[in-house]
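>>> Below are the sequence and a predicted model for it; my questions follow.
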Amino acid sequence: MRYFVTGATGFIGGRVARRLLAAGHSVTLLARDPAKAREIAALGASVHQGDITDKSTLRAPMTGVDGVFHIAGWYKIGAHNSTPAQTINVDGTRNVLETMKELRIPKGVYTSTLAVNDDTRGVLVDETYRAAPSSLSEYSRTKWIAHFEVAEPMMRAGLPLVVVMSGLVYGPGDTSAAGATLEQYLTRRLPLSPQRTAFCWAHVDDVAHAHMLAMDKGRAGETYIIAGPAHTLIDALALAERITGIPAPRLHPGPAAMRVMGEIMSLVGTVVPLPETFSGEMLRGMAGATYIGSNAKARRDLGYDPRPLEEGLRETLAVDMERLGLRMPVAAR
């Protein structure tokens with residue numbers, strides 16, 4: 001089979017492209033900078049220079065493919081310039097899906113996120129849940145628009161698309177805020193972990209496998225939550241402490257305190273640049289919010305079976321510690 005993949009120079013998309021190639025499929029990639037796709041090209045992928053925000057660059061590489069994986073997205077929290085969020089997450093998604101329709105491509109998989117549900121207030125929601133447009137971040141707001149105002153209407157009109165919703169994706173090589181948080185923990189620079197804040201933690205390799213399952217077994221017009229098990233950030237870091245022996249933060253501010261800190265850091269951020277993990281937008285989004293959903297439908301219909309957090313964290317932390325020159329306790333190796 002021949003597949004077209006967007007976002008293949010990114011964390012999830014790169015894993016999906018490599019899995020497709022390893023399975024013997026033909027893979028065509030779109031990359032703004034083809035030099036960043038050299039490693040995947042060396043494995044046999046065909047790389048086309050282009051950008052999902054420029055629809056004219058999509059038609060040639062998408063022509064004749066059997067399926068589309070639209071994984072590319074703008075994922076930054078607390079960025080000084082959030083203009084690309086609308087251009088990439090909304091307009092880019094519309095460009096890819098419209099081109100898929102025009103070329104009559106048999107099937108597509110679009111990567112959405114549990115963040116479109118905003119704070120679920122402790123409820124493990126399913127695919128029928130629909131929140132109001134997210135207000136916690138520009139990322140979640142624009143992904144909400146792409147999911148509910150671009151992808152879903154096109155599916156209802158007959159586009160053979162499957163939507164997958166990831167949760168917090170972690171693993172070796174992660175450069176997002178989740179990866180930065182784990183690195184700050186390992187280097188003892190993480191001052192706190194907020195009360196009640198929870199995510200569904202899925203290893204990147206499990207998420208990549210779920211994309212392939214969605215293409216093979218997912219029903220067009222359906223949405224599947226491909227998140228992992230739900231854990232609070234406090235519990236995840238306590239687990240990390242048991243694995244590494246490095247103390248987790250002992251300061252656990254409540255939601256009100258986190259919101260106050262968020263407002264303060266928003267003001268500070270107008271004067272000096274702040275790391276993403278200490279931005280006002282990030283702190284407000286971590287103020288006791290839960291981004292959790294049930295993967296029961298994906299387990300039942302797709303055969304999805306993500307690994308436990310302890311297993312995935314053990315591998316991830318071992319790789320990160322080696323990269324940082326830290327020693328893993330003998331008992332944990």
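That came through, no problem.

>>> Which element, helix or strand, includes residue 69?
strand 67-70 (DSSP states H and E).

>>> Show me what secondary structure element comes after that strand.
Moving toward the C-terminus from strand 67-70, the next helix or strand (DSSP H and E) is helix 83-84.

>>> contacting residues around that following helix?
By C-beta atoms under 8 Å, 6 or more residues apart in numbering, the residues outside helix 83-84 that reach it are residue 74. Glycine gets a C-beta too; all of them are placed from N, C-alpha and C.

>>> and residue 203, what is it in contact with?
169, 170, 171, 228, 306, 307, 311, 312, 315, 316.

>>> And the helices in the stretch 1-150 of the chain, which stretches?
11-22, 38-42, 59-62, 83-84, 93-102, 138-145 (DSSP state H, counting those that start in this stretch).

>>> now for the first one, which elements pack on it?
If I follow you right, that is helix 11-22. Counting contacts by 3 or more C-beta pairs under 8 Å, 6 or more residues apart in numbering; DSSP states H and E, helix 11-22 packs against strand 2-6, strand 26-31, helix 38-42, helix 204-217.

>>> The same query, at a cut-off of 10 Å, please.
Based on contacts counted as 3 or more C-beta pairs under 10 Å, 6 or more residues apart in numbering; DSSP states H and E, the elements that helix 11-22 packs against are strand 2-6, strand 26-31, helix 38-42, strand 67-70, strand 108-113, strand 168-170, helix 204-217.

>>> Quick check: mean pLDDT of that helix?
Taken as a whole, helix 11-22 has a mean pLDDT of 97.

>>> how close does the nearest residue to residue 121 once chain neighbours are set aside get to residue 192?
Distance criterion C-beta to C-beta, 6 or more residues apart in numbering; nearest residue to residue 121, sequence neighbours excluded, is residue 290 at 6.5 Å. With distances taken as C-beta to C-beta, to the nearest Å, residue 290 is found 18 Å from residue 192.

>>> Quick check on the two: which one has the bigger neighbour count.
residue 290 (22 against 17; other C-beta atoms under 10 Å).

>>> Run through the residues that contact that one.
By C-beta atoms under 10 Å, 6 or more residues apart in numbering, the contact set of residue 290 is 114, 117-125, 196-200, 230, 232.

>>> As JSON lines, the contacts of residue 203 with distance to residue 35 and pLDDT would be great.
Below are the contacts of residue 203 laid out as JSON lines (distance: C-beta to C-beta, whole Å; pLDDT from 0 to 100):
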{"residue": "169", "distance to residue 35": "25", "pLDDT": "97"}
{"residue": "170", "distance to residue 35": "27", "pLDDT": "97"}
{"residue": "171", "distance to residue 35": "24", "pLDDT": "97"}
{"residue": "228", "distance to residue 35": "33", "pLDDT": "97"}
{"residue": "306", "distance to residue 35": "33", "pLDDT": "98"}
{"residue": "307", "distance to residue 35": "33", "pLDDT": "98"}
{"residue": "311", "distance to residue 35": "35", "pLDDT": "97"}
{"residue": "312", "distance to residue 35": "31", "pLDDT": "97"}
{"residue": "315", "distance to residue 35": "29", "pLDDT": "96"}
{"residue": "316", "distance to residue 35": "27", "pLDDT": "97"}
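
>>> Phi and psi next, for residue 200.
Dihedral angles of residue 200 (phi, psi; degrees, to the nearest 10) stand at phi -100, psi 110.

>>> And it, how far from residue 82?
Residue 200 is 25 Å from residue 82, by C-beta to C-beta.

>>> Show me which of the two is the more surrounded one.
residue 200 (26 against 17).

>>> Was I right to think that one contacts residue 291?
Yes: between residue 200 and residue 291 there is a contact under C-beta atoms under 10 Å: 7.1 Å.

>>> where do the contact lists of these two overlap?
Residues touching both residue 200 and residue 291 (C-beta under 10 Å, 6+ apart) are 114, 167, 168, 227, 230.

>>> Okay, the third one and residue 256: tell me how far apart.
Distance check for residue 168 against residue 256: by C-beta to C-beta, it reads 23 Å.

>>> which one of those two has more residues nearby?
Set side by side, residue 168 and residue 256 show more neighbours around residue 168, with 25 against 10, by other C-beta under 10 Å.

>>> Bridged to the more buried one, which residues?
Taking DSSP bridges as the rule, residue 168 bridges to residue 201.

>>> which residues of the stretch 201-333 of the chain fall in helices?
In the stretch 201-333 of the chain, the helices defined using DSSP H, counting those that start in this stretch lie at 204-217, 233-244, 255-269, 280-285, 296-302, 309-324.

>>> which stretch among the ones you listed comes nearest residue 144?
Among the helices of the stretch 201-333 of the chain, the nearest to residue 144 by C-beta to C-beta is helix 280-285 (13.8 Å).

>>> State the distance from residue 170 to residue 130.
26 Å.

>>> Of the two, which one has the most company?
Ranked by neighbour count (other C-beta under 10 Å), residue 170 and residue 130 place residue 170 first, with 25 against 12.

>>> what sits against the more buried one?
11, 176, 178-179, 181-182, 199, 201-204, 207, 228, 236, 309, 312-313, 316-317.
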